[in-house]
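Asker: structure for this input, please:
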Amino acid sequence: MISNKTIASIRQDYTLKQFDESHLVSDPMEQFKVWFKEAVDAEVMEPNAMTLATTKYDGKPTARVVLLKALEPKGFVFFTNYDSNKGKQIHRNPYGALVFFWPELQRQVRIEGIIVKNTEADSDEYFYSRPIESQIGAHASPQSSPIESRTELEENYKRLQEIFKTEPLIRPRHWGGFVLEPTLYEFWQGRSSRLHDRFQFSQNEEGKWLSVRLAP
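Answerer: Okay, here's the model as predicted:
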């Protein structure tokens, strides 16, 4: 059994890169794109994996990992079942947060904002770009609902496979995209001795993005 002493001793000194004012791009979305491309080029495992935080009905926070599927001028796009827990939580309280962590580059990006539904057309376009198996899966899984067993899920999938051999496979109305429209960004670059580089972007009343360095 692992001890608390062992856990406390796990430590990594970050010496790979630095991030200062001369590196900043004035538009935080463009800054994100620069870092995201570097994560892709570095062959980070699933660089588009992001933690999505929402709030439950009672105000308690909850989080899970989802996949970024598009970057649009207005924000960060992901897809899900609208009847899932996160879908219902977003409907009740549209404020959310994202976290990207790329350990290979010793970097983290935090984003806060308002989550809105993507357009029907955009949801259709992405849905039909998915493998057929994933399209059927969107129909087969009552996401976040209790089920009796794995067998129940697999049998439902097989039943739908047969149905869609003769019927059109359309996007279910309960499945589609969300866009998190940012109101705040924070870029974090790990540095030695825990003296990390942190820059936060927020908008002023005129909608202009302003950056400030934060203490680590």
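Asker: give the buried residues for stretch 197-207.
Answerer: By neighbour count, with 16 or more other CB atoms under 10 Å as the criterion, the buried positions of stretch 197-207 are 197-202. To be clear about C-beta, it is placed using only N, CA and C from the backbone, and glycine gets the same treatment.
Asker: the nearest residue to Thr62 once chain neighbours are set aside: neighbour count?
Answerer: Sequence neighbours aside, Lys56 is the residue nearest to Thr62 in space, at 5.6 Å (criterion: CB to CB, 6 or more residues apart in numbering). Lys56 has 13 neighbouring residues, counting by other CB atoms under 10 Å.
Asker: next: the one 3 residues further on.
Answerer: The tally of other residues near Gly59 (other CB under 10 Å) stands at 7.
Asker: gap between it and Asn93?
Answerer: When distance is defined by CB to CB, to the nearest Å, Gly59 is 8 Å away from Asn93.
Asker: what sits against the nearest residue to Gln189 once chain neighbours are set aside?
Answerer: Nearest residue to Gln189 in three dimensions, chain neighbours excluded: Phe19, at 3.6 Å (CB to CB, 6+ apart). By CB atoms under 8 Å, 6 or more residues apart in numbering, the contact set of Phe19 is 187, 189, 197, 199.
Asker: with adjacent residues omitted, what lies nearest to Val34?
Answerer: Excluding the flanking residues, the one nearest Val34 by CB to CB, 6+ apart is Val25, at 6.2 Å.
Asker: name the SS class of that neighbour, please.
Answerer: coil (DSSP: H, G, I helix; E, B strand; the rest coil).
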